[in-house]
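**Student:** Predicted model follows, preceded by the sequence.
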Amino acid sequence: MSLARLAVKPVDCGAAARRTVRPVRDRPAGVTERDLAQALAGGWGIRAATLRYAPVGGGSYHWVVRDERGERRFVTVDDLDDKGWLGRTRPAVFAGLRAAMDAAVTLRREPALAFVVAPVPALDGRTLHPLGGRHAVAVFPFLSGAAGRWDEPLSAPDRGELVTMLAALHQADPAAVRLPRCGLTLSWRGDLEQALGELGRPWAGGPFAEPARALLAGSAGQLRRRLDTLDGWAADVAAEPVVITHGEPHPANTIRVPASADGPGSAPATSPRSRIMLIDWDTVGLAPPERDLWMTASESGDELRHYTELTGRPVDAAAFEFYRLRWALDDISCFVRDLRAPHRRTPGAEHAWQALELSMAQITQ
């Protein structure tokens, strides 16, 4: 298959609303700002003067924290019940998330990987601390810059810069990090299969449960065929050699910052006046390069050719298509799970419903 066939339009982030679960417009249940302030003081020695909730991104809950000296930090809180790709129990998810954060710290130390936005280790050296029984907290540098958006694909120069970054990441030694090979199954495949088996009776989870059932019922045959296609490709992808992948290098996980002489955006004097940084490393893992590459390709195929020029590795067509399809099906598995569970009409539930509609449209085109 040619690069032109592999190339796609810049990722439609509205239609790939991401399996990273409930959007951050809904604050984490059971977590107060007092709890967070105590965790920051005990873990990182940060005495928060102000905590401002930041309803941005997806998959994690975010605050901008200013300490008594005026220094700002970006703090994330993760729900351990909502990261199915890391495990099925809270201890397993916590361990997987900590391994990902540790890997980001290790990668950030490499000169060629200065674009990695890694967490700030706590006083005990750990990158992640528990916050109650269900959540975990991490602290990051505060970056002043222009963050990417789901609905604004990167420009051609920015895509080229991103591909150069991914080529550097993929050439890093996998033995340098303690990461497992990424699984090929969907985050909530069992939940999706159960849902498909229960289309003939009402779903009572909440206001969007029955609309979700009707949506799946109308396209159940196409959805099952897509699942079969994914399963058919999985064996070949599993045999591919692996590299360190970010997992979700889409526009919303980038931020353009000044290339200052110090700090997280540091760069040599010969570098441009600004540079892209790559955030949200909770999906980092060992996988074929196509796990990242399918998100970078435009209709021209220039990005994939650039990647091959940098690495000497041609893009594998089957793996490319596998990861593109898996993304959409993984979204569906997560949003179906959310909408079958008890829920109310909240901004988060509305987002899940809209995202399910878009993801189903994507696979039934």
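**Tutor:** Right, received. Where do you want to start?
**Student:** what helices or strands is the helix or strand hosting Gly348 leaning on?
**Tutor:** Per DSSP states H and E, Gly348 falls inside helix 347-363. The helices and strands touching helix 347-363, judged by 3 or more CB pairs under 8 Å, 6 or more residues apart in numbering; DSSP states H and E, are helix 209-218, helix 220-238, helix 317-340. (Glycine included, C-beta is placed from N, CA and C.)
**Student:** separation between the closest residue in space to Leu186 that isn't next to it in sequence and Phe94?
**Tutor:** Spatial nearest neighbour of Leu186, excluding adjacent residues (CB to CB, 6 or more residues apart in numbering): Ser333 at 4.4 Å. According to CB to CB, to the nearest Å, Ser333 and Phe94 sit 22 Å apart.
**Student:** Same check on Trp44?
**Tutor:** Trp44 sits 17 Å away from Phe94 when distances are taken as CB to CB.
**Student:** now swap in Glu152 and tell me
**Tutor:** The gap separating Glu152 from Phe94 is 33 Å, by CB to CB.
**Student:** and Pro10, what pLDDT?
**Tutor:** The model reports Pro10 with a pLDDT of 34.
**Student:** again, but for Glu299
**Tutor:** 87.
**Student:** what about it, how many neighbours?
**Tutor:** Using other CB atoms under 10 Å, Glu299 has 10 other residues around it.
**Student:** swap in Arg108?
**Tutor:** By other CB under 10 Å, the residues close to Arg108 number 16.
**Student:** Hmm, it is touching Ala118, no?
**Tutor:** Yes. With contact defined as CB atoms under 8 Å, Arg108 reaches Ala118; the gap is 3.9 Å.
**Student:** about what we covered before: what's the angle between the helix holding Gly348 and helix 317-340?
**Tutor:** If you take axes from the mean of the first three to the mean of the last three CA atoms, to 10 degrees, helix 347-363 sits at 140 degrees to helix 317-340.
**Student:** how long is stretch 115-123 end to end?
**Tutor:** Start-to-end span of stretch 115-123 (CA to CA, to the nearest Å) is 24 Å.
**Student:** Ok, stretch 278-294 next?
**Tutor:** Terminal-residue distance, stretch 278-294 (CA to CA): 16 Å.
**Student:** Go through that stretch and flag the buried ones.
**Tutor:** Buried residues in stretch 278-294, counted by 16 or more other CB atoms under 10 Å: 278-294.
**Student:** Same check on stretch 346-358?
**Tutor:** Across stretch 346-358, burial judged by 16+ other CB under 10 Å covers 348-349, 351-353, 355-358.
**Student:** mind checking which helix or strand of the protein has the lowest mean pLDDT?
**Tutor:** Here the helix or strand of the chain ranked lowest by mean pLDDT, DSSP states H and E is helix 3-6, holding a mean of 48.
**Student:** Give the helix, strand or coil label for the residue nearest the centre of the chain.
**Tutor:** Nearest to the geometric centre of the chain sits Glu248, at 4.6 Å (CA atoms, centre = their mean). Here Glu248 is coil, with the state taken from DSSP: H, G, I helix; E, B strand; the rest coil.
**Student:** tell me the phi and psi of it?
**Tutor:** phi -140, psi 60 (degrees, to the nearest 10).
**Student:** start the count at 37, not 1, going forward
**Tutor:** From this message on, residue numbering opens at 37, which makes the last subject Glu284.
**Student:** now it, nearest residue through space, not along the chain?
**Tutor:** Using CB to CB, 6+ apart, the nearest residue to Glu284 is Thr319, at 5.0 Å.
**Student:** and what of Ile82?
**Tutor:** Leu76 (4.2 Å).
**Student:** Then Asp194?
**Tutor:** Closest to Asp194 by CB to CB, 6+ apart is Ile312, at 6.4 Å.
**Student:** same deal with Leu314?
**Tutor:** Phe151 (5.2 Å).
**Student:** Ok, Trp269 next?
**Tutor:** Phe358 (4.4 Å).
**Student:** just to revisit the earlier point, hmm, the residue nearest to Leu222 is touching Leu232, no?
**Tutor:** No. Contact criterion CB under 8 Å: Ser369 and Leu232 do not qualify, at 10.5 Å.
**Student:** which one of the two has more residues nearby?
**Tutor:** The residue with more neighbours, out of Ser369 and Leu232, is Ser369; 24 against 15, by other CB under 10 Å.
**Student:** Now do the same contact list for that one.
**Tutor:** Contacts for Ser369 (CB atoms under 8 Å, 6 or more residues apart in numbering) come out as 55, 222-225, 227-228.
**Student:** Dump the residues you listed into TSV; add pLDDT, distance to Arg214 and neighbour count as well.
**Tutor:** Formatted as TSV, the contacts of Ser369 follow (pLDDT from 0 to 100; distance: CB to CB, whole Å; neighbours: other CB atoms under 10 Å):
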residue	pLDDT	distance to Arg214	neighbour count
Arg55	42	24	29
Leu222	91	24	22
Ser223	87	21	23
Trp224	91	25	22
Arg225	94	26	17
Asp227	95	29	18
Leu228	97	30	23
